[in-house]
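Engineer: The sequence and its predicted three-dimensional model are supplied below.
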Amino acid sequence: MVAAAGPYSGSSTLALVARISAVSIGLVYGSMKLAYLKKASLHSSQYQNLKRKAQHKAQGQGHY
């Protein structure tokens, strides 16, 4: 006799739904993280530019 597929056997409907859900959640999380990192990188570069300009301005004022 062949045993019925259990919920964690990998061939049941529950296991299939769990795998699809995990992949979907991973894709959504990955895209959100990528968008956040791109935005954070943009803000970081803007901050560095402002800091560089402030240092340049401070050096320019020191010569008078």
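Structural biologist: Sure thing, it's come through.

Engineer: low pLDDT regions in the protein?
Structural biologist: Applying pLDDT under 70 to the chain picks out residues 1-10, 61-64.

Engineer: Roughly how far does the spatially most central residue of the chain sit from Lys51?
Structural biologist: A centroid search over the chain (Cα atoms, centre = their mean) returns Lys33, at 1.6 Å, as the residue closest to the centre. From Lys33 over to Lys51 the distance is 26 Å, taken as Cβ to Cβ, to the nearest Å. In this view, the C-beta of every residue, glycine as well, is placed from N, C-alpha and C.

Engineer: do the same with Ser31
Structural biologist: 31 Å.

Engineer: cool, and Leu42?
Structural biologist: 15 Å.

Engineer: Val23 too?
Structural biologist: Applying Cβ to Cβ, the value for Val23 to Lys51 is 41 Å.

Engineer: Could you tell me which other helices and strands the helix or strand containing Asn49 packs against?
Structural biologist: Using DSSP states H and E, the element containing Asn49 is helix 13-61. Taking 3 or more Cβ pairs under 8 Å, 6 or more residues apart in numbering; DSSP states H and E as contact, there are no helices or strands that helix 13-61 lies on.

Engineer: Any idea how far that helix is from the middle of the chain?
Structural biologist: Taking Cα atoms, centre = their mean, to the nearest Å, one finds the center of helix 13-61 at 6 Å from the center of the full chain.

Engineer: Look at Ser11 and give its secondary structure.
Structural biologist: Three-state call for Ser11 (DSSP: H, G, I helix; E, B strand; the rest coil): coil.

Engineer: okay, now it: neighbour count?
Structural biologist: By other Cβ atoms under 10 Å, the residues close to Ser11 number 8.

Engineer: Ok, Ala22 next?
Structural biologist: 10.
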